[in-house]
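[1] For reference, the sequence and a predicted model appear below.
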Amino acid sequence: MANISAKDVAALRAKTGCGMMECKKALVEADGNMDEAIKVLRERGLQVAAKKQERIAAEGIVSIKEANGSAAMIEVNSESDFVAKNEKFKAFVDTLLDTILQNKPADVDALMACTISGGSDTVDAALKEQIFVIGEKLSIRRFVIVDGAVSTYVHGGGSIGVIVKFNLDGIAADNAEFAECAHNVALQCAAMNATYANKEDVPQSALDEEKEVLMTQIANDPKNANKPAQIIEKMVQGRLGKFYETYCLAEQAYVKDDSMTVAKYIDSVAKNLGGKLAIDSFVRFEKGEGLQKREDNLAEEVAKMTAGN
């Protein structure tokens, strides 16, 4: 049996990022062979990753990176907020964004098969290794790539991410005044959580559903019992305006000056720059939205820890 020194353990830890005890166990199992110990740790990592797949991972981070006229945004989930603040975790997410921008995969499955930026492993293998090193379930939930004139914003250390794409005519994408306007719109998008970019983007099915709800509300109000159909229709159209103001980014009241809508604010900037400017589309990710949240019960955990003592 090989004599495992503290120096050997430290060297393996530096190469893998695994804990000291895990490194020592791997070196013992590999009879002191560093390459074999790394292989042991990686195989063990695959087993650990598989075991953690049933856990809930709804924390994590939303991150964005831009390069060569494209912006990529990703949501990677972890089990705890503590891990989401870990610098190694953040660096891994940044590497994933590099991989996305370099390869432009179609979806998460395609991303998992890509060779990770700066390495030789696939993203799938690199993710499993991170799960082993960090000790929590990690999950690449979603990503998006947007090309063109965009403004990006990440709020709250990665709780919300936004990419807003603009249509420009006669205005340079690198114009400082446009950049300020675009940033303000991205802030608005993060804060007000619109569903659509413009009125024209609302599908007819959503409008029909909203009209049906409004018609029912109006019909159930006794004050409207004797009103003619054309008046009822005008009332519905008036209330639809409120729908647009709530759910369409361009129609919302501009948060920095609620005397105008976002569209009017954009128009004022475009006029000042002597060109045309409009919101094309946006993507907004909110960390953990729609995911089952982990519910910790301290009493139950303490009971499990003390059981049998």
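    That came in fine, so what should we check first?

[2] Which parts of this structure are strands?
    61-67, 70-78, 138-147, 150-155, 160-169, 276-286 (DSSP state E).

[3] For these, give me CSV that also has mean pLDDT.
    Below are the strands of the chain laid out as CSV (pLDDT from 0 to 100):
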stretch, mean pLDDT
strand 61-67, 97
strand 70-78, 96
strand 138-147, 95
strand 150-155, 98
strand 160-169, 97
strand 276-286, 97
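
[4] and among those, the most buried is which?
    strand 70-78 (a mean of 23; mean count of other C-beta atoms under 10 Å). For every residue, glycine as well, the C-beta is placed using N, CA and C.

[5] any weak-confidence spans in this structure?
    1, 16-19, 42-58, 292-309 (pLDDT under 70).

[6] How is it partitioned into domains?
    6-52, 55-147, 149-202+248-303 (automatic domain parsing).

[7] JSON lines for the ones you listed, including distance to Ala229?
    What follows is those, written out as JSON lines (distance: least, C-beta to C-beta, whole Å):
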{"stretch": "domain 6-52", "distance to Ala229": "60"}
{"stretch": "domain 55-147", "distance to Ala229": "44"}
{"stretch": "domain 149-202+248-303", "distance to Ala229": "24"}
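
[8] do you know which of those domains lies nearest Val236?
    domain 149-202+248-303 (14.8 Å; C-beta to C-beta).

[9] ok, Ser268 - contacts?
    By C-beta atoms under 8 Å, 6 or more residues apart in numbering, the contact list for Ser268 reads Met260.

[10] at 10 Å what do you get?
    Going by C-beta atoms under 10 Å, 6 or more residues apart in numbering, Ser268 touches Cys181, Tyr254, Asp257, Met260, Leu277.

[11] Same check on Asp94?
    Contacts of Asp94 (C-beta under 10 Å, 6+ apart): Ser63, Lys65, Ile74, Ser117.

[12] Could you work out the most separated pair of those residues?
    Every pair of these checked by C-beta to C-beta; the farthest is Ser63 and Ser117, at 14.0 Å.

[13] Show me what counts as buried in stretch 218-226.
    Ile218 (16 or more other C-beta atoms under 10 Å).

[14] Endpoints of that stretch, how far apart?
    Its start and end residues considered, stretch 218-226 measures 11 Å (C-alpha to C-alpha, to the nearest Å).

[15] heads up, I number from 27, so please use that
    From this message on, residue numbering opens at 27, which makes the last subject stretch 244-252.

[16] distance between that stretch and the chain's centre?
    45 Å (C-alpha atoms, centre = their mean, to the nearest Å).

[17] And for stretch 130-144?
    Using C-alpha atoms, centre = their mean, the offset of stretch 130-144 from its chain centre is 17 Å.

[18] how much space between Val119 and Glu113?
    11 Å (C-beta to C-beta, to the nearest Å).

[19] who's more crowded, the two?
    Legend: neighbour count by other C-beta atoms under 10 Å for Val119 and Glu113, higher for Val119 (22 against 7).

[20] how about the helices in the stretch 27-176 of the chain?
    32-42, 46-55, 60-78, 107-110, 113-129, 134-139, 149-160 (DSSP state H, counting those that start in this stretch).

[21] What separation do you get for the residue of the chain lying at maximal distance from its centre and Glu259?
    Taking C-alpha atoms, centre = their mean, the residue of the chain most remote from its mean C-alpha position is Asn252, at 50.5 Å. Using C-beta to C-beta, Asn252 is found at 15 Å from Glu259.

[22] And for Thr221?
    Taken as C-beta to C-beta, the span from Thr221 to Glu259 is 24 Å.

[23] Same check on Gly86?
    47 Å.

[24] Compare these two (neighbour count), which wins?
    Using other C-beta under 10 Å as the criterion, Gly86 and Glu259 rank with Gly86 on top: 28 against 13.

[25] wait, isn't the more buried one in contact with Phe108?
    No. If you go by C-beta atoms under 10 Å, Gly86 and Phe108 don't touch, sitting 11.3 Å apart.

[26] Report the set of residues contacting both of these two.
    Common neighbours of Gly86 and Phe108 (C-beta under 10 Å, 6+ apart) are Phe115, Glu162.

[27] burial measure for the spatially closest residue to Gly196 that is not a sequence neighbour, as a count.
    Nearest residue to Gly196 in three dimensions, chain neighbours excluded: Gly301, at 3.0 Å (C-beta to C-beta, 6 or more residues apart in numbering). Number of residues near Gly301 (other C-beta under 10 Å) recorded here: 15.

[28] show me what contacts Gly301?
    Counting by C-beta under 10 Å, 6+ apart, the residues that Gly301 touches are Leu194, Asp195, Gly196, Ile197, Ala198, Asn201, Phe204, Val295.

[29] at 7 Å what do you get?
    By C-beta atoms under 7 Å, 6 or more residues apart in numbering, the contact set of Gly301 is Leu194, Asp195, Gly196, Ile197.
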